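1. Mind looking at a prediction? Sequence and model below.
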Amino acid sequence: MYPLIDDIGSFPLPKSVNRETFVQAYLKTREAIINKQDPTVDEFTQKNFCQVIVDSFRKKLTSGLDVITFPQQFDGLRQIGDAIREAMAQGSFVVETNKAVLPEIYVLNKYAKELSEEFNKKILLRVCVFGPIEQYLHEIGTIAYPDVLEGFAETINRFAKNAILNNKYIETRVISIDEPSHGHTNLTASSELVVEILQKAYNFNGPTRQIHLHSTSGISNLFNVKGLDVLSFEYAASPRNIHDVTKSMLEEVDKQIRVGITRTDIDAIWAEVCEKGFESPSNEQLVESTDIIRKRYLDVKRKYGELLTFTGPDCGLGSWPSQDTATLVLKRTVEAVKTLL
């Protein structure tokens, strides 16, 4: 049994789409959803946001991923940060439930029947949001105020619950709370407070609950987080990470793992290819070969066995030069794992 193959989230916009226009359409779509209006009937939001999301998601579907993250093409921190700042302006650190919405989820649910029938399968969706600690560092700073952190955790929890879909055509299989600064930040919170805050954020049922990390530094602090099912970290670009977590550690705390097996650090990859004399690298030169990815997968599978329940690229692909290049990363990752069956 191979692990489910997913992706972390961010994805390039089509080259024909102007980013400023997309952002305007995103904000207008969010407002429409909050006001119980259908953004797909508005020509501007339909063309510049809704259709962009559906077409980008369709690209991901063609790669063969088992579980697909919505295309995170709007700033991930702003996605929730804008709503948090609106709440703070009203004297609260908790976003109202009806405003804790991810427009991408609304749109994909709207088009789920069309996509499901086109690809002849139920859509398994992965939802990613930056976590309460990452949002706190961005909005407040490094001095920990427990009541504020608790408010942020409740906000993340509300966004997560509102993103849970389960019908004939689409199911939210995974919700990932991303905490990339964990382990290398000077937040003054105790490990006990961090555990408490994350447990509050993960207080929902149904989807598998992941946490996505960039580093395994401090990962042992997360072993006691109740409600957290799967620990996820990068391996392809940071091979030393794998030495910090053993199978016996995971078994002791009843956790599973997701390990990234394909490099996504495009700036470093681009520099390496250019150093070899290729000034305008092709997709083939930028994306790792299936053999390289497969070797990493086999190494990780030998180490963790059945506890490796998810795998895929290291991180998101939003900075990659095109959707075609990003899709090739996904396709080769899928091929590297599934051709072993």
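-> Happy to help now that I have it.

2. For residue 68, list the residues it contacts.
-> 6, 7, 57, 60, 61, 123, 124, 125, 126 (C-beta atoms under 8 Å, 6 or more residues apart in numbering). Heads up, the C-betas are built off the backbone N, CA and C, glycines and all.

3. Ramachandran angles for the nearest residue to the fourth one once chain neighbours are set aside?
-> With C-beta to C-beta, 6 or more residues apart in numbering as the measure, residue 68 is the residue that lies nearest to residue 60, at 4.9 Å, once sequence neighbours are left out. The phi and psi torsions at residue 68 (degrees, to the nearest 10) take the values phi -120, psi 130.

4. where's residue 68 relative to residue 16, distance?
-> Plainly put, residue 68 is 22 Å away from residue 16 if you go by C-beta to C-beta, to the nearest Å.

5. does the most far-flung residue of the chain relative to its centre count as helix, strand or coil?
-> Ranked by distance from the centre of the chain (C-alpha atoms, centre = their mean), the top residue is residue 277, with 33.8 Å. Three-state assignment for residue 277 (DSSP: H, G, I helix; E, B strand; the rest coil): coil.

6. wait, what's in contact with it?
-> By C-beta under 8 Å, 6+ apart, residue 277 has no neighbours at all.

7. Residue 286 now?
-> 266, 269, 270, 273, 320, 321, 325.

8. OK, contacts around the closest residue to the fifth one other than its chain neighbours?
-> To tie it back to what came earlier, the one meant is residue 320. Leaving aside its chain neighbours, residue 320 sits nearest to residue 326 (4.4 Å; criterion: C-beta to C-beta, 6+ apart). When contacts are counted by C-beta under 8 Å, 6+ apart, residue 326 touches 11, 12, 317, 320.

9. ok, now with 10 Å
-> 7, 10-12, 56, 59-60, 63, 71, 264, 266, 283, 286-287, 313, 316-320 (C-beta atoms under 10 Å, 6 or more residues apart in numbering).

10. The nearest residue to residue 338 once chain neighbours are set aside and residue 298, how far apart?
-> Spatial nearest neighbour of residue 338, chain neighbours left out: residue 2 (6.7 Å); criterion: C-beta to C-beta, 6+ apart. Distance, residue 2 to residue 298, by C-beta to C-beta: 11 Å.

11. Give the buried residues for stretch 105-115.
-> 105, 106, 107, 108, 109, 111, 112, 115 (16 or more other C-beta atoms under 10 Å).

12. Secondary structure and distance to residue 133 for the residues you listed - can I get that in a markdown table?
-> Formatted as a markdown table, the buried residues of stretch 105-115 follow (DSSP: H, G, I helix; E, B strand; the rest coil; distance: C-beta to C-beta, whole Å):
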| residue | secondary structure | distance to residue 133 |
| --- | --- | --- |
| 105 | helix | 23 |
| 106 | helix | 27 |
| 107 | helix | 28 |
| 108 | helix | 27 |
| 109 | helix | 29 |
| 111 | coil | 33 |
| 112 | helix | 32 |
| 115 | helix | 33 |
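
13. and these as a markdown table, adding distance to residue 94?
-> Shown next, in a markdown table, are the buried residues of stretch 105-115 (distance: C-beta to C-beta, whole Å):
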| residue | distance to residue 94 |
| --- | --- |
| 105 | 20 |
| 106 | 21 |
| 107 | 25 |
| 108 | 26 |
| 109 | 24 |
| 111 | 31 |
| 112 | 29 |
| 115 | 33 |
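
14. And those residues, which is closest to residue 202?
-> residue 105 (18.1 Å; C-beta to C-beta).

15. My guess is the closest one contacts residue 159. True?
-> Yes: Residue 105 is within contact range of residue 159, at 9.4 Å (criterion: C-beta atoms under 10 Å).

16. what residues are shared contacts of the two?
-> Counting by C-beta under 10 Å, 6+ apart, the shared contacts of residue 105 and residue 159 are residue 127.

17. ok so, going back, residue 259: which of the contacts of residue 68 is nearest?
-> residue 6 (11.7 Å).

18. any idea how far the closest one is from residue 220?
-> Per C-beta to C-beta, residue 6 is found 24 Å from residue 220.

19. More neighbours: the two, which one.
-> Per other C-beta atoms under 10 Å, whichever of residue 6 and residue 220 has more neighbours is residue 6, with 28 against 14.

20. Quick check: which ranges of the stretch 1-150 of the chain have low pLDDT?
-> Nowhere does the stretch 1-150 of the chain drop to pLDDT under 70.

21. and with 80 instead?
-> Judged against pLDDT under 80, the low-scoring parts of the stretch 1-150 of the chain cover residues 1.

22. host element of residue 194?
-> Using DSSP states H and E, residue 194 falls within helix 191-201.

23. for that helix, what is the average pLDDT?
-> Taken as a whole, helix 191-201 has a mean pLDDT of 96.
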